[in-house]
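Undergrad: Can you look at this prediction? I've put the sequence above it.
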Amino acid sequence: MKIAIAVSDFNLDVTSRMLERACDHAKELGLEVSHIVHVPGVYDFPLVVKALLKRDDVEGVAILGAVIKGQTMHDEVIVHSTASVVAELAVEYNKPVALGVTGPGMDRMQALQRIDNAKHAVGCVAQLIKTTKALAD
């Protein structure tokens, strides 16, 4: 199975570790990571995810990011809007998109504690690819 990973560079101290964990887990699962794409922030995922889902060499996408709480509700707006759009893209292209984005409402320490969520996103993409293929047969 070929997957792509899109990773946010905002909060890079967290997301760079998430990317490492995701790539290691993909290798453990026997997945080929055909593309790794960096985006400035979580809100920037939809255009990249759409471009990846159009590709024949991508069967699913895991998105990785950490949205840390600030002094406003901006973190909630970012996560909710991004999750909604990437879910719509998954349905539109009939390919899974796994949300490996932590937050909203967490601080930096909580973000660091949730780095392994990246592994869950990769595992979800793999399982959903298998399941959707089985249902299509």
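TA: Arrived safely.

Undergrad: ok, the closest residue to residue 9 other than its chain neighbours to residue 71 distance?
TA: Closest residue in space to residue 9, ignoring its immediate chain neighbours: residue 38 at 5.3 Å, by CB to CB, 6 or more residues apart in numbering. Heads up, the C-betas are built off the backbone N, CA and C, glycines and all. Distance of residue 38 to residue 71, computed by CB to CB, to the nearest Å: 27 Å.

Undergrad: Write down the beta-bridge partners of the residue nearest to residue 9, one by one.
TA: Beta bridges link residue 38 to residue 7, judged by DSSP bridges.

Undergrad: which residues does it contact?
TA: By CB atoms under 8 Å, 6 or more residues apart in numbering, the contact list for residue 38 reads 6, 7, 8, 9.

Undergrad: so what's residue 100 closest to, chain neighbours aside?
TA: In space, residue 100 is closest to residue 121, 2.8 Å off (CB to CB, 6+ apart).

Undergrad: Then residue 103?
TA: Residue 103 sits nearest to residue 67 (CB to CB, 6+ apart), 3.3 Å away.

Undergrad: What of residue 85?
TA: Counting by CB to CB, 6+ apart, residue 85 lies nearest to residue 46, which is 4.4 Å off, once chain neighbours are set aside.

Undergrad: my guess is that neighbour contacts residue 78, does it?
TA: No. If you go by CB atoms under 8 Å, residue 46 and residue 78 don't touch, sitting 11.7 Å apart.
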